[in-house]
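# Have a look; sequence and predicted model below, questions after that.
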Amino acid sequence: MTSNDTEAMYGLPDELVVTADGPIRIVTLNRPNNLNGATRVLHQALARVWSALAEDAEARVVILTGSGFAFSAGGDFGYMQENIDDAEMRTQTMLEARAIVRGIVRLPIPVIAAVNGPAVGLGCSMAVLSDLVLLSDNSFLADPHLRMGLVTGDGGMVWPLLVGLARAKEYLFLGSKILPDKAVELGLASRVVPAADLMTEALTLAHRLAEVPQAALRDTKLALNGYVEAQLENAFEKAFKGEEASMGSPEHAAAVTAARTKSS
């Protein structure tokens, strides 16, 4: 499949790019000058890319990564303000958040997160929801939802399955930065890779997975993700509803104002 073929099949905006390396699909968040922060356009694209990947009959493995220095800094502050100002947009944003989480969990082919730099908020969520997580040695993970006055939605509810409930509470309550070696120790990532070798390592791993019998790999992934599936309508749904409500809170508005002032 050529780049023109992927553009035609996926129909995505420039902020999210899908390229092909044989049976591998490389999904790249493409706002490098803004740390790949999610705007409304990018969030909408992330919500629909997983169903397109599922329909791509030639795809065997997905690599998710970011362009430039960051994997993703999470939500763009301007987009956060739009959600604060518009209740209908908040509802739509959280419908998209559900689609992102369910899309990664239910995608019948493996997802490798090649975390090339900071993965914060939504970026962290997408990384830890992936099947295999490779961290570059200049990356880190952090989920600062609570520091921004938000309930921890998106991928936060998968943390107890990965690190245990007590540790999940500590890191999610405090929004602490987790460096690569610690992330592997906790079970949030598979391995740490030198930044210069990250994509080579991810592609090598992806092509190895592409050679595994596909029906068996698909059904094994979906069976293992049954542990996550069991919580999609329970813990995840409570978190999604809580996050939507907290997006309209005074605490969140104050946190976004402070962050925008600091960054200006």
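Right, received. Where do you want to start?
# in stretch 44-58, what's buried?
Within stretch 44-58, the residues scored as buried using 16 or more other CB atoms under 10 Å are Q44, A45, L46, A47, R48, V49, W50, A52, L53, D56. Every residue, glycine included, has its C-beta placed from N, CA and C.
# A168 contacts P160, doesn't it?
Yes - if you go by CB atoms under 8 Å, A168 and P160 touch, sitting 4.5 Å apart.
# Those two: which is more packed in?
A168 (20 against 16; other CB atoms under 10 Å).
# Helix or strand: which one has that one?
Following DSSP states H and E, one finds A168 within helix 165-174.
# Remind me what the helix or strand following that helix packs against, helices and strands.
Sequence-wise, the next helix or strand downstream of helix 165-174 (DSSP H and E) is helix 180-186. The contact analysis (3 or more CB pairs under 8 Å, 6 or more residues apart in numbering; DSSP states H and E) places helix 180-186 against strand 132-136, strand 191-193.
# most tightly surrounded among those?
Compared across these, strand 132-136 shows the largest average neighbour count, a mean of 24 (mean count of other CB atoms under 10 Å).
# Please give the centre-to-centre distance between stretch 111-129 and its chain.
5 Å (CA atoms, centre = their mean, to the nearest Å).
# Same check on stretch 86-94?
The answer for stretch 86-94 is 19 Å, by CA atoms, centre = their mean.
# So for it, what gets flagged as buried?
Buried positions in stretch 86-94, judged by neighbour count with 16+ other CB under 10 Å: R90, Q92, T93, M94.
# pLDDT below threshold where in the stretch 1-150 of the chain?
By pLDDT under 70, the low-scoring segments of the stretch 1-150 of the chain are 1-8.
# swap the cut-off to 80 and go again
Along the stretch 1-150 of the chain, the model assigns pLDDT under 80 to residues 1-9.
# For it, which segments count as strands?
16-21, 24-29, 61-66, 111-115, 119-120, 132-136, 141-142 (DSSP state E, counting those that start in this stretch).
# now what about the fifth one, what contacts it?
The set of residues external to strand 119-120 that reach it, using CB atoms under 8 Å, 6 or more residues apart in numbering, is 70-74, 113, 126-127, 139-144.
# and what of the fourth one?
The set of residues that contact strand 111-115 without belonging to it, under CB under 8 Å, 6+ apart, is 61-66, 71, 104, 119, 126-136, 139, 141, 189, 198-199, 201-202, 205-206, 209.
# Count the neighbours of V158 for me.
V158 - counted by other CB under 10 Å - has 23 other residues nearby.
# Tell me the spacing between it and A258.
Distance, V158 to A258, by CB to CB, to the nearest Å: 29 Å.
# swap in G248?
According to CB to CB, G248 and A258 sit 17 Å apart.
# These two: which is more packed in?
Shown here are G248 and A258; by other CB under 10 Å, G248 has more neighbours (14 against 11).
# what about that one, which SS state?
Following DSSP: H, G, I helix; E, B strand; the rest coil, the label given to G248 is coil.
# wait, it sits on E88?
No - taking contacts as CB under 8 Å, G248 lies outside contact range of E88: 11.4 Å.
# so who does the closest residue to A54 other than its chain neighbours touch?
Sequence neighbours aside, L107 is the residue nearest to A54 in space, at 5.7 Å (criterion: CB to CB, 6 or more residues apart in numbering). Counting by CB under 8 Å, 6+ apart, L107 touches W50, L53, A54, V62.
# before we move on, what about R31?
By CB under 8 Å, 6+ apart, the residues touching R31 are E15, G37, T39, L42, S67, D76.
# Separate out the buried members of those residues.
For the contacts of R31, buried by 16+ other CB under 10 Å: E15, G37, T39, L42, S67, D76.
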